[in-house]
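**Student:** how would this look folded up:
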Amino acid sequence: MQFRAHRRRQAPTVIIVALIDVLIVLLIFLMVTTTFNQRSAIPIALPQSSQTQNAGSSENVPLIISIDAEGILRLGTDSHPVTLEQLKSELQAAVEKRPGLSVAVRADKKSPLGEFVKVWDLAKEAKVKALNLSAKEPDKKITPP
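**Tutor:** This is a model prediction of the structure:
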């Protein structure tokens, strides 16, 4: 004799809609946290040019050399000044690691031209593939019709 009523057991179900919501939230979180803006910690007022290109448009990321208004050199995004001798040895070491190295010089519009020429000479001595001078796009003015 069976006194218990037979209950039909339901198979456990997975709610797909809730899982999709969680996955979308995770995807958005990862997209937001992994986008980085390359901002320089060195305050440089770049000259404007209508022929500028985006820095990240090529696969070969250039080595950045910054020259501020006083003519102080900085290598990469590092905020520590470097001398010409240190820059020369760093360029030679970088070219040995990556033979197709390109260099982007970010010079302040008030920086001395002589410092750029010195950096140019050092880059040519180190056999750098390409040397570029960075500029920013001019501010676009909206004219009324």
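**Student:** need the longest helix for this structure.
**Tutor:** Secondary structure of the chain per DSSP state H: the longest helix is helix 16-33.
**Student:** Quick one: list the elements packing against that helix.
**Tutor:** Packing contacts for helix 16-33, counted by 3 or more Cβ pairs under 8 Å, 6 or more residues apart in numbering; DSSP states H and E, involve no helix or strand. Yep, even glycine has a C-beta here, placed from its N, CA and C like the rest.
**Student:** Render the CA-only coordinates of whichever helix or strand comes after that helix in CSV, please.
**Tutor:** Counting by DSSP states H and E, the next helix or strand C-terminal to helix 16-33 is strand 63-67. What follows is strand 63-67, C-alpha atoms only, in CSV (Å, rounded to 0.1, in the frame of the first residue of the first chain):
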residue,chain,number,x,y,z
LEU,A,63,58.8,55.0,-29.6
ILE,A,64,57.8,58.4,-28.3
ILE,A,65,60.3,61.1,-27.5
SER,A,66,58.9,64.3,-25.9
ILE,A,67,60.5,67.7,-25.9
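**Student:** So which elements touch strand 63-67?
**Tutor:** Partner elements for strand 63-67 (3+ Cβ pairs under 8 Å, 6+ apart): strand 73-75, helix 84-97, strand 102-107, helix 113-125.
**Student:** could you say what helices and strands the longest one packs with?
**Tutor:** Going back to what we said before, that points to helix 84-97. Under the contact definition 3+ Cβ pairs under 8 Å, 6+ apart, helix 84-97 sits against strand 63-67, strand 73-75, helix 113-125.
**Student:** For Leu131, give the beta-bridge partners.
**Tutor:** Val103 (DSSP bridges).
**Student:** Quick check: which of the helices and strands packed on helix 84-97 is buried the most?
**Tutor:** strand 63-67 (a mean of 22; mean count of other Cβ atoms under 10 Å).
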